[in-house]
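Undergrad: here's a sequence, model it:
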Amino acid sequence: MKHGISIKCIAIAFIIFTAFASKAFSETGINLNIKTILGSEKPGKVDPKLKDFVKQHKSVFRYSSYSLLSQDFLKLSKKGTGKVLLPGKRELKITCTGVSKKRATLDLEIVKNKKQIFQTVIQLRKNSSVTIGGPKYMDGDLLFNIFASF
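TA: This is a model prediction of the structure:
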């Protein structure tokens, strides 16, 4: 009889632990690493911090120079919003609209002078990144490399 009680206690403890673990996961949300990059066709150099990025994206982006303008880290709760200041008096607003075990859905919006100039929705797999081309800036284009972990 004592064995039956201890197995039931273990089963109940497992159920409670699983419930708390899944709740902790949903409350933890998502960690974002956002790199703002200037890609330009004008002759220049590649920022040493972006060598791996350029190697990975050389077939997609055909710029001759890349500069890392900023790197920001955001921790968003499920359904949370964060903001990143961008060059040219712009702001990137990122809203997490959902997180599953494998994917996070993010709403991206670029605002300038309180007007939306760009909006898209992306889905990122756990521990992966996406690079999005953005508006013109100086002698090139802004690129946003967004890495998500959760």
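Undergrad: where does this protein have low pLDDT?
TA: Under the criterion pLDDT under 70, the flagged ranges of the chain are 1-28.
Undergrad: and the strands in it, which stretches?
TA: Counting by DSSP state E, one finds strands in the chain at the ranges 30-40, 65-76, 81-86, 90-99, 103-112, 115-125, 128-137, 140-149.
Undergrad: for residue 54, which of these is the nearest?
TA: strand 65-76 (5.6 Å; CB to CB). For the C-beta atoms, the positions are set from N, CA and C on the backbone; glycine is no exception.
Undergrad: how about that closest one: buried residues?
TA: Buried residues in strand 65-76, counting neighbours by 16 or more other CB atoms under 10 Å, are found at 65-68, 72, 74, 76.
Undergrad: and what of stretch 44-51?
TA: Buried residues in stretch 44-51, counting neighbours by 16+ other CB under 10 Å, are found at 44, 46-47, 50.
Undergrad: C-alpha coordinates for it, PDB please?
TA: Below are the C-alpha coordinates for stretch 44-51, written out as PDB (Å, rounded to 0.1, in the frame of the first residue of the first chain):
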ATOM      1  CA  GLY A  44      34.100  50.200 -48.500                       C
ATOM      2  CA  LYS A  45      34.900  47.500 -46.000                       C
ATOM      3  CA  VAL A  46      33.100  44.900 -44.000                       C
ATOM      4  CA  ASP A  47      32.800  45.500 -40.300                       C
ATOM      5  CA  PRO A  48      34.800  42.600 -38.700                       C
ATOM      6  CA  LYS A  49      31.800  41.900 -36.400                       C
ATOM      7  CA  LEU A  50      29.800  41.100 -39.500                       C
ATOM      8  CA  LYS A  51      32.100  38.700 -41.400                       C
END
